[in-house]
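Visitor: Return atomic coordinates for the entry below.
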Amino acid sequence: MHLQEGGKALKKDPLRSYRETQVLTATQGKLILMLYDGAVKNINQACEYLKEKHRKYDQISSIILKAQDIVAELMVSLDFENGGEIAKNLFDIYMFMNRQLLEGNIRKDEKILGSVRKMLLELRSSWAQIAEKKNVEGRAQATGGVNIAG
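Guide: Residues are numbered from 1 along each chain as shown. This next block holds a predicted model:
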């Protein structure tokens with residue numbers, strides 16, 4: 001498929017279209033998981049580049065900045081009105097992560113980046129459990145909420 005933009009024919013990127021559709025149709029829980037996945041992916045990529053003999057410092061820095069942007073997005077998505085103490089604690093954790101990512105970027109320190117990755121994975125696991133619970137509850141409500149377990 002070709003699109004016209006500014007008089008130029010552009011090919012539509014099917015992967016990009018798929019990703020856009022994924023984001024547009026995702027639940028809030030799924031979006032949060034996607035953010036965690038993106039941050040972890042960027043940290044993993046930065047750590048891989050740090051292991052290379054000929055390090056690409058500009059690319060490493062850019063990738064870590066992407067992870068920082070994602071953590072910032074997690075911060076602004078917090079609902080302090082309804083989230084109470086949990087939202088405040090998550091905000092503090094995200095602030096710490098962003099400072100660590102900044103420090104890891106300045107020092108190009110894989111150990112610092114790894115500690116942030118570990119925290120992200122732990123939080124992602126918790127969010128996945130919450131999202132699954134809400135998904136199961138939503139399906140039960142949609143089907144009349146019949147409890148066949150007892």
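
Visitor: next one: the top helix by length along the chain to chain centre, how far?
Guide: Assignment by DSSP state H gives helix 110-142 as the longest helix of the chain. Counting by Cα atoms, centre = their mean, to the nearest Å, helix 110-142 is centred 10 Å from the centre of its parent chain.

Visitor: what do you get for stretch 40-52?
Guide: 15 Å.

Visitor: What residues of that stretch count as buried?
Guide: Val40, Asn42, Ile43, Gln45, Ala46, Cys47, Tyr49, Leu50 (16 or more other Cβ atoms under 10 Å). (C-beta placed from N, C-alpha, C; glycine too.)

Visitor: Equivalent analysis for stretch 27-40, please.
Guide: Gly29, Lys30, Ile32, Leu33, Leu35, Tyr36, Gly38, Ala39, Val40.

Visitor: If you average the pLDDT over it, what comes out?
Guide: What stretch 27-40 shows for mean pLDDT is 93.

Visitor: Equivalent analysis for stretch 78-93, please.
Guide: 95.
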